[in-house]
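> all I have is the shape, not the residue letters:
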Ligand code: MRU
């Protein structure tokens with residue numbers, strides 16, 4: 001089943017509102033960089049690659065929106081350029097951890113800068129074409145990762161995943177869930193164990209929905225059940241996605257991933273990370289330097305107006321954690337599988 005997490009319609013960006021899935025299915029419409037930034041911040045769209053694609057469209061929308069008559073006066077920065085800079089800034093501030101956001105903005109900026117001095121309407125068209133290409137490329141990359149990853153899973157494997165690294169977290173197919181889809185496509189019987197993923201419940205709401213819709217057997221557990229399942233020999237492999245991999249192979253992913261990796265090592269279960277090259281940040285030496293988003297206490301306190309936490313208690317809500325490279329069995333990339341990732345192996349990927 002094709003899931004269009006983001007789509008271009010009537011010269012606007014439409015994104016599935018992931019906050020209300022699976023109870024309701026609805027597209028929201030976006031027409032500016034600021035509105036897309038708000039969509040990313042409020043998690044209408046989430047998942048590292050999908051955030052990158054959304055940001056690319058945000059830049060294109062801003063170029064389309066700004067009046068193309070805002071020409072450059074002699075020796076001055078044009079109003080168009082100033083508007084574009086403001087668009088880049090608001091998008092860059094939408095979420096801090098997923099490097100794909102900054103990767104996509106850098107790519108869009110280099111297109112924009114390569115066209116300085118050209119007609120604004122032509123710049124907008126070119127930026128839109130680049131956003132379309134980033135979307136299409138993301139699906140191709142997920143397919144390639146899926147094919148490599150599928151080979152790692154034995155027929156009949158029971159695979160645990162954390163958060164949602166599926167079609168909904170990308171432009172389509174998915175990174176970790178793309179590996180499951182590709183394994184099934186290759187004729188393997190696999191079953192998925194989905195961690196619920198407190199507090200935003202991406203596992204219960206999104207991963208479970210994607211797998212159920214595709215008839216891939218899936219069992220939902222709460223996050224604190226993973227150790228029990230592993231200790232009983234009910235997990236053969238773990239596959240997760242990632243928001244940023246540091247140059248030494250440390251992996252930032254949804255809060256709780258580190259716990260799963262430690263448990264996997266304790267039980268001799270392979271721990272795989274599906275990771276497009278756009279998620280590797282060679283400018284960050286180790287995971288200690290990856291910015292970790294701290295989200296609102298309300299997500300932990302309760303749901304909507306109902307608060308189960310004791311009033312007055314202080315609350316932490318770090319949204320990601322870092323799994324040290326030594327706990328990672330392999331990264332699955334579009335260029336192949338990198339076993340026991342380290343600085344040299346990651347550097348070699350970019351040669
Ligand atoms: O806070 P989210 O839902 O954006 O976090 C998403 C994750 O942590 C995913 O595992 C990660 O982005 C990989 S998605 C292919």
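Yep, that arrived. All figures in this text were calculated on a predicted structure; none of them were measured in a lab.
> domain ranges for this structure?
Domains of the chain are assigned by automatic domain parsing as 6-142, 143-349.
> JSON lines please, covering these and showing mean pLDDT.
Shown next, in JSON lines, are the domains of the chain (pLDDT from 0 to 100):
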{"stretch": "domain 6-142", "mean pLDDT": "93"}
{"stretch": "domain 143-349", "mean pLDDT": "98"}
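> so can I have a markdown table of those domains showing mean neighbour count?
Bear in mind the C-beta positions are built from the backbone N, C-alpha and C, glycine included. Formatted as a markdown table, the domains of the chain follow (neighbours: other CB atoms under 10 Å):
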| stretch | mean neighbour count |
| --- | --- |
| domain 6-142 | 19 |
| domain 143-349 | 20 |
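> around the ligand, pick out the residues from the stretch 101-250 of the chain.
For the stretch 101-250 of the chain, the residues in contact with the ligand (CB under 6 Å from any ligand atom) are 163, 165, 169, 170, 175, 202, 241, 242, 243.
> hmm, try it at 5 Å
Taking CB under 5 Å from any ligand atom as the contact definition, the stretch 101-250 of the chain meets the ligand at 163, 165, 169, 175, 202, 241, 243.
> need phi/psi at the third one.
With angles defined as degrees, to the nearest 10, residue 169 sits at phi -100, psi 0.
> so it sits right up against residue 197, yeah?
No. Counting by CB atoms under 8 Å, residue 169 does not reach residue 197; the two are 11.8 Å apart.
> between these two, what contacts are shared?
Shared contacts of residue 169 and residue 197, defined by CB atoms under 8 Å, 6 or more residues apart in numbering, comprise residue 163.
> returning to what we had before: what's the closest of the residues of the stretch 101-250 of the chain next to the ligand to the ligand?
residue 241 (2.7 Å; CB to the nearest ligand atom).
> the closest one: what's its closest spatial neighbour, skipping adjacent residues?
Computed as CB to CB, 6 or more residues apart in numbering, the closest residue to residue 241 that is not its neighbour in sequence is residue 165, at 2.7 Å.
> which residues does the one you found contact?
Neighbours of residue 165 in contact, by CB under 8 Å, 6+ apart: 47, 174, 175, 176, 177, 178, 207, 240, 241, 242, 274.
> could you redo the last one with a cut-off of 10 Å?
Going by CB atoms under 10 Å, 6 or more residues apart in numbering, residue 165 touches 47-49, 142, 174-180, 202, 206-207, 239-243, 253-254, 273-275.
> quick check: phi and psi on it?
In terms of degrees, to the nearest 10, the main-chain angles of residue 165 are phi -120, psi 50.
> can you give me the helices in this structure?
33-41, 48-65, 79-92, 99-114, 120-150, 176-185, 202, 208-213, 226-231, 257-266, 298-301, 343-349 (DSSP state H).
> which among these is found nearest to residue 326?
Closest of those to residue 326 is helix 257-266, at 8.5 Å (criterion: CB to CB).
> which helices and strands does the closest one pack with?
Under the contact definition 3 or more CB pairs under 10 Å, 6 or more residues apart in numbering; DSSP states H and E, helix 257-266 sits against strand 158-161, strand 191-195, helix 226-231, strand 237-240, strand 251-254, strand 271-274, strand 320-323.
> what's in contact with it?
For helix 257-266, contacts defined as CB under 10 Å, 6+ apart pick out 160-163, 195, 197, 223-224, 226-231, 235, 237-238, 240-243, 251-254, 269-273, 287, 320-324, 326-329.
> among the helices of the chain, which is nearest residue 314?
Closest to residue 314 of the helices of the chain is helix 298-301 (CB to CB; 10.6 Å).
> helices or strands up against that closest one?
Using 3+ CB pairs under 10 Å, 6+ apart as the contact test, the elements touching helix 298-301 are strand 306-307.
> partner strands of the strand it packs on, with direction?
Neighbouring strands of strand 306-307 in its sheet, by DSSP bridges, are strand 302-303 (antiparallel).
> how far does the strand it pairs with sit from the chain's center?
For strand 302-303, the separation from the chain centroid amounts to 24 Å (computed by CA atoms, centre = their mean, to the nearest Å).
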